[in-house]
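Student: return atomic coordinates for the entry below.
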Amino acid sequence: MFQRTTGPKHRTWLVHGEPDSAQKLRQGLTAVHPSTVEIAELGGEVEF
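Tutor: Below you'll find the predicted structure:
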């Protein structure tokens, strides 16, 4: 599933889903794309 997402990844933010599901998705993503995968917090802000 994650192999279709190609190219270099610098940082990925997961912004939807239950905490347990988001954690499992983060583990799956980092197994295929070794980069920073963050789980957003409610009310948090991200600057680029």
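
Student: would you check that residue 35 makes contact with residue 7?
Tutor: No. Counting by C-beta atoms under 8 Å, residue 35 does not reach residue 7; the two are 10.7 Å apart. The way it works is simple: take the backbone N, C-alpha and C, and place the C-beta from them, glycine included.

Student: between those two, which contacts overlap?
Tutor: By C-beta atoms under 8 Å, 6 or more residues apart in numbering, residue 35 and residue 7 have no common neighbours.

Student: and residue 38, what is it in contact with?
Tutor: For residue 38, the contact set (C-beta under 8 Å, 6+ apart) comprises 11-14.

Student: let's see it at 10 Å
Tutor: When contacts are counted by C-beta atoms under 10 Å, 6 or more residues apart in numbering, residue 38 is found next to 11-15, 22, 26, 44, 46.

Student: and what of residue 21?
Tutor: residue 14.

Student: circling back to that earlier point, which of the contacts of residue 38 are buried?
Tutor: With neighbours counted using 16 or more other C-beta atoms under 10 Å, the contacts of residue 38 contain these buried positions: 12, 22, 26.

Student: taking those residues one by one, which sit in strands?
Tutor: residue 12 (DSSP state E).

Student: distance to residue 40 and pLDDT added to the buried ones among the contacts of residue 38, as TSV?
Tutor: TSV is the format used below for the buried ones among the contacts of residue 38 (distance: C-beta to C-beta, whole Å; pLDDT from 0 to 100):
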residue	distance to residue 40	pLDDT
12	11	87
22	8	94
26	11	93
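
Student: which residue packs closest to residue 11, ignoring adjacent ones?
Tutor: With C-beta to C-beta, 6 or more residues apart in numbering as the criterion, residue 11 has its nearest non-adjacent residue at 4.6 Å, and that residue is residue 36.

Student: close enough to count as contact, that neighbour and residue 10?
Tutor: Yes. With contacts counted by C-beta atoms under 10 Å, residue 36 reaches residue 10, the gap being 7.1 Å.
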